[in-house]
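K.L.:
Pasted the sequence and its predicted model underneath.
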Amino acid sequence: MVNVCEVLGTEYPIIQGAMARIAECNLAAAVSNGGGLGIIAAGGETADWLRDQIKKTREMTDKPFGVNIMLLAPNVDELIDVVCEEKVPVVTTGAGNPGKYIAKMKECGIKVVPVVANVALAIRVERAGADAIVAEGTEAGGHIGETATMALVPQIVDAVNIPVLAAGGIADGRGIAAAYMLGAKGIQVGTRFLVANECIVAQGYKDAILKAKDSSTVATGRSTGHPVRVIKNKLAREILALEKQNADVEKINELCTGTLAAAVLSGDADHGNIMSGQIAGLVKKEQPAAEIIEEMFKEAEEIYEDRNNICRAGRSVSRNG
Ligand SMILES: O=C(O)COc1ccc(-c2c[nH]c(CNC(=O)Nc3ncc(Sc4ccccn4)s3)n2)cc1
């Protein structure tokens, strides 16, 4: 099976999660310079914005980086054209089935790594030509499926022959080592990168992550067919109350309008839509993205006896490495 680091072109088998409206050139470049795959989240953004972000990222790093296409976005076709024209090295996708776009992206030399939340979609995207798969458990922040990482990862590993990266509930070396025991060959991390120094999200959002506990998140929007894991704040409680009353989807969507901007731009911890994974309770300090990566894999190597199995592409690391 091909090595994840060869697919991504990175030193470490780690993809930064595509946090909508948050993951832009500064964080992407910092993660890529730190040896991971930085990701620009194009979900909900314009084609011009994406082109500009790709240009800025290339000015900040000569390492590979990626773009995430959120398939619920109305301008998906335009965004696909941009990543093809710009020959972005890696594209991840979310919130839908990228099957009909994979061939076109691969013709442009792009490595396609769909994020999936169930085995059925994993099989479909492999058949459509995906180069690897991110199996994302319900522990993740943002738009989620219903299956936990511990259950989802081994079942997807058994179902496909391309590399699987685990996502959802991973924020330290223990999560990496656990993911490898389940058969994953890499990981995707979102929540912990929210508090990276280079992440541009408002301080109020970062503080909400830093003070979160194990029980601080909830999935809202199940009644709309798009469950999204967020910090359980006043807004989340209002949404849940509407859902309990079987309120119309329009009413719930109306309540959500502008709340992602409230969270991301003004850090409104009470009325903002603070997307976060369940692992936020483990995230306790703000630090550079490169330090997060180094710390996670050093810890994982100490836990996982054979260092060559964890991370560095082709590089053997001496015990004192
Ligand atoms: O199964 C199928 O064929 C298609 O149905 C799917 C259903 C869910 C998924 C899925 C779950 N998780 C992921 C990857 N993660 C994500 O996509 N996480 C996201 N966070 C915020 C996003 S923007 C958004 C989107 C919806 C509502 C509110 N905001 S997207 N994809 C993929 C496909």
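P.N.:
Looks like it came in fine.
K.L.:
and the chain, which residues reach the ligand?
P.N.:
Within the chain, the residues that sit near the ligand (CB under 6 Å from any ligand atom) are 20, 43, 70, 72, 94-97, 115-118, 121, 136, 142-145, 226, 228. No exception for glycine: its C-beta is placed from N, CA and C like everyone else's.
K.L.:
Out of these, which end up buried?
P.N.:
Buried residues within the residues of the chain next to the ligand, counting neighbours by 16 or more other CB atoms under 10 Å: 20, 43, 70, 94-97, 115-118, 121, 136, 142-145, 228.
K.L.:
thinking again about what came up before, quick one: which of the residues of the chain next to the ligand sit in strands?
P.N.:
Secondary structure from DSSP state E places Met70, Gly94, Val115, Val116, Glu136, Gly142, His143, Val228 of the residues of the chain next to the ligand in strands.
K.L.:
what helix or strand does the residue nearest to the third one when sequence neighbours are not counted sit in?
P.N.:
Nearest in space to Val115, with sequence neighbours left out and distances taken as CB to CB, 6 or more residues apart in numbering, is Val134 at 4.2 Å. When elements are assigned from DSSP states H and E, Val134 belongs to strand 133-136.
K.L.:
ok, the residue lying closest to Asn118 once chain neighbours are set aside - contacts?
P.N.:
Leaving aside its sequence neighbours, Asn118 sits nearest to Gly145 (CB to CB, 6+ apart; 5.7 Å). Contacts for Gly145 (CB atoms under 8 Å, 6 or more residues apart in numbering) come out as Val116, Ala117, Asn118, Glu136, Gly137, Thr138, Leu152.
K.L.:
How about the secondary structure of Asn161?
P.N.:
Using DSSP: H, G, I helix; E, B strand; the rest coil, the structure places Asn161 in coil.
K.L.:
State the distance from it to Arg127.
P.N.:
In this view, Asn161 and Arg127 are 11 Å apart by CB to CB, to the nearest Å.
K.L.:
Which of the two has more residues huddled nearby?
P.N.:
Using other CB atoms under 10 Å as the criterion, Asn161 and Arg127 rank with Arg127 on top: 11 against 8.
K.L.:
low pLDDT regions in the protein?
P.N.:
305-321 (pLDDT under 70).
K.L.:
what residues go with each domain of it?
P.N.:
The chain resolves into domains spanning 9-200, 203-279 when parsed by automatic domain parsing.
K.L.:
Buried deepest among those, which one?
P.N.:
domain 9-200 (a mean of 22; mean count of other CB atoms under 10 Å).
K.L.:
can you pull out the strands in the stretch 101-250 of the chain?
P.N.:
Secondary structure of the stretch 101-250 of the chain, counting by DSSP state E, counting those that start in this stretch: strands at 111-116, 133-136, 142-143, 164-167, 186-189, 217-220, 228-231.
K.L.:
Make CSV from those strands and add distance to Thr10 to it.
P.N.:
Below are those laid out as CSV (distance: least, CB to CB, whole Å):
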stretch, distance to Thr10
strand 111-116, 11
strand 133-136, 14
strand 142-143, 22
strand 164-167, 11
strand 186-189, 9
strand 217-220, 28
strand 228-231, 26
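K.L.:
Of all these, which one is nearest Lys285?
P.N.:
strand 186-189 (15.0 Å; CB to CB).
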